[in-house]
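sequence unavailable; structure follows:
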């Protein structure tokens, strides 16, 4: 895992795109992928982006952010991922449209999360890739995470596709698996 002491450049409360490749070797609910949060219920500890594996109703990806009024904006995206397979996961938060969208291997497998309040605070957070210290015992992503990119803007459809296509050969992914 990688842990940062919340550099201001990555304390993003506005538009956000997180792009990464993941390959889980086992699956348990709540396995951390990338988290900008820390334990606590104050403005300074609000989760600015919290992306984890969710097994509540399948092998899905969950997204959460918090704002000062104590409201969580969250959704479990229906991604139905498998173990031992590389996936390109890209999350886009658009604060103008008040939506969060997820793409898996360049395709949007579920509808967007619509929310009311943008994330706020987060000045005390850690940015962690593959680790979650928010619970009593640390949890770690049981697999591989590679080519992590964090942008403070909304990527276009062309850019989303280009990021996925740039890694297809490296990660040996079928470009048509999610096409219908």
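On my side now, so go ahead. These figures come from a predicted structure and were not determined experimentally.

which positions within stretch 98-114 qualify as buried?
100-110, 112-113 (16 or more other CB atoms under 10 Å). Quick note: C-beta positions are derived from backbone N, CA and C, even for glycine.

let me fix that: stretch 60-73
For stretch 60-73, burial by neighbour count (16+ other CB under 10 Å) applies to 60, 61, 62, 63, 64, 65, 66, 67, 73.

going by distance to residue 93, which of those wins?
Sorting these by how near they are to residue 93, with CB to CB, puts residue 65 at the top with 7.3 Å.

correct me if wrong: the closest one contacts residue 51.
No. Shown here, residue 65 and residue 51 do not form a contact pair, counting by CB atoms under 8 Å, at 10.0 Å.

one step back: farthest-apart pair in the buried residues of stretch 60-73, please.
The farthest-apart pair in the buried residues of stretch 60-73, when distances are taken by CB to CB, is 60 and 67, at 23.5 Å.

show me what contacts the closest residue to residue 73 other than its chain neighbours?
Leaving aside its sequence neighbours, residue 73 sits nearest to residue 115 (CB to CB, 6 or more residues apart in numbering; 3.7 Å). Neighbouring residues of residue 115 by CB atoms under 8 Å, 6 or more residues apart in numbering: 65, 73, 98, 99, 100.

and residue 115, how far is that from residue 87?
Going from residue 115 to residue 87 by CB to CB, to the nearest Å gives 24 Å.

tell me the one of the contacts of residue 115 nearest residue 8?
Distances from residue 8 to those, taken as CB to CB, are shortest for residue 65 (17.4 Å).
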